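Undergrad: Fold the following.
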Amino acid sequence: MKLYALGDLHLRYEVTRRALQELPAHPEDWLILAGDVGETEAHLRFALGIVTRRFARVLWVPGNHDLWTLPTEPDHLRGVAKYERLVDLCRQHGVLTPEDPYATWPGADSGDGPSDGPGHILAPTFVLYDYTFRPDSVPVEQALEWAAEENLLCSDEVLLHADPFASKIDWCHERVRLTEPRLAEAASRGPLVLINHFPLRQDLAILPRIPRFSIWCGTRLTDDWHLRFRAEAVVYGHLHIRATHYRDGVRFEESSLGYPQNWDAGRGIEPYLRQILPHQDGAAAPPRSSHPDY
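TA: The predicted model follows:
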């Protein structure tokens, strides 16, 4: 029994949809979908219809692309209403979301130690970004201008809305306020696997080709969550640069697939499933992705 993670499917691409359909069954394993499944409800519905038949249980967290409001969408839901619609869609498929009680990983103890992680609590979270992944010398009100100096503007500024909040910053801070007590309670019962689309630390939001894109990658309010909430591992995506990092002895797993240029379609999706539990020291990592184009 294994716990896998896969983020950033971006199912608007036919090659990725076809590869997902060809993913072999894992009837005893669980899967984390770490956000950016696609840009429409149809993309999420397509993915859930496949992975819920391939895996014993599925967990989902939203990415920024999932929350976009496209002009082609019939009801034009925005912000919290869009998020709640996606949560409802997941629940229709039996998929756990950040709004559901946290599940406990039932991996059987192999007798060789805690490597299977039985008793670990899987904590999917939804925390947005607040433009604080920037130098201290750049005021928050100048963050977008600072990124624009390098010709960067995230599509979120046009397509991701925070309604009914006044800004994405306000929505992000409310999500932090709502999430921290739940994590504290869960951490009192056992070690956690923290799951979020965005990296929870600023020092992980490293994009060598587009470094100033970091402002759309998270919030400093979560920098110490791995310590405060007894994390055994942290799962995230968003960067399209697959890697394993350690901070304070805690394992951070970037689990994204990415755009077609970020992975080898000839290999299929199977090699890109990132094993979270049981943890295998020295296990071969999935092929690293090229730097993303946003």
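
Undergrad: Can you show me the helices along the protein?
TA: Here the chain has its helices, by DSSP state H, at 14-21, 41-54, 79-92, 143-148, 156-159, 168-187, 225-228.

Undergrad: Neighbouring strands - and their directions - for the longest strand along the chain?
TA: Taking DSSP state E as the criterion, the chain has its longest strand at strand 26-33. Looking at strand 26-33 with DSSP bridges, its partner strands are strand 3-6 (parallel), strand 55-60 (parallel).

Undergrad: Could you identify which of those strands is most buried?
TA: Burial among those, expressed as mean neighbours by mean count of other CB atoms under 10 Å, is greatest for strand 3-6, which shows a mean of 24. For the C-beta atoms, the positions are set from N, CA and C on the backbone; glycine is no exception.

Undergrad: Run through who's touching that one.
TA: 26, 29-34, 55, 105, 107, 117, 122, 193, 195, 235, 253, 255-257, 269, 272-277 (CB atoms under 8 Å, 6 or more residues apart in numbering).

Undergrad: Ok, stretch 174-190 next?
TA: So stretch 174-190 is contacted by 98, 102, 104, 119-121, 123, 125-128, 165, 192, 194, 219, 221-222, 225, 228-230 (CB under 8 Å, 6+ apart).

Undergrad: now the strands for the stretch 151-294 of the chain?
TA: 192-195, 231-236, 243-247, 250-254, 274-277 (DSSP state E, counting those that start in this stretch).

Undergrad: TSV please, covering those strands and showing mean pLDDT, mean neighbour count and distance to residue 16.
TA: Below are those laid out as TSV (pLDDT from 0 to 100; neighbours: other CB atoms under 10 Å; distance: least, CB to CB, whole Å):
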stretch	mean pLDDT	mean neighbour count	distance to residue 16
strand 192-195	98	26	21
strand 231-236	97	26	19
strand 243-247	97	14	21
strand 250-254	98	21	18
strand 274-277	97	22	16
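
Undergrad: Now distance to residue 10 too, for the ones you listed, in CSV please.
TA: Formatted as CSV, the strands of the stretch 151-294 of the chain follow (distance: least, CB to CB, whole Å):
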stretch, distance to residue 10
strand 192-195, 19
strand 231-236, 16
strand 243-247, 19
strand 250-254, 15
strand 274-277, 16
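
Undergrad: of all the ones you listed, which lies closest to residue 154?
TA: Ranking the strands of the stretch 151-294 of the chain by proximity to residue 154 (CB to CB) places strand 231-236 first, at 17.1 Å.

Undergrad: Any stretches of this structure with poor pLDDT?
TA: Across the chain, the ranges flagged by pLDDT under 70 are 108-115, 281-294.

Undergrad: separation between the residue lying closest to residue 129 once chain neighbours are set aside and residue 187?
TA: Excluding its sequence neighbours, the residue lying closest to residue 129 (CB to CB, 6 or more residues apart in numbering) is residue 218, at 5.2 Å. Here residue 218 is placed at a distance of 20 Å from residue 187 (CB to CB, to the nearest Å).

Undergrad: Only the buried residues of stretch 200-213, if you could.
TA: Using 16 or more other CB atoms under 10 Å as the burial criterion, the residues of stretch 200-213 that qualify are 200-202, 204-205, 207, 212-213.

Undergrad: Now render the residues you listed as CSV, adding distance to residue 71.
TA: Shown next, in CSV, are the buried residues of stretch 200-213 (distance: CB to CB, whole Å):
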residue, distance to residue 71
200, 32
201, 35
202, 33
204, 33
205, 29
207, 28
212, 28
213, 24
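
Undergrad: Now residue 138: phi and psi?
TA: Note on residue 138: backbone dihedrals following degrees, to the nearest 10 are phi -100, psi 110.

Undergrad: Count the residues that sit near it.
TA: Residue 138 is flanked by 16 other residues according to other CB atoms under 10 Å.

Undergrad: Quick check: it touching residue 148?
TA: No - counting by CB atoms under 8 Å, residue 138 does not reach residue 148; the two are 11.9 Å apart.

Undergrad: Would you mind writing the CA trace of stretch 149-159 as CSV?
TA: What follows is stretch 149-159, C-alpha atoms only, in CSV (Å, rounded to 0.1, in the frame of the first residue of the first chain):
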residue,chain,number,x,y,z
GLU,A,149,10.2,44.9,-14.5
GLU,A,150,11.1,41.4,-15.7
ASN,A,151,8.1,41.3,-18.0
LEU,A,152,6.2,39.0,-15.7
LEU,A,153,2.5,39.0,-15.1
CYS,A,154,0.7,35.9,-13.9
SER,A,155,-2.6,35.1,-15.6
ASP,A,156,-4.1,35.0,-12.1
GLU,A,157,-4.2,38.8,-12.2
VAL,A,158,-6.9,38.5,-14.8
LEU,A,159,-8.5,35.1,-14.2
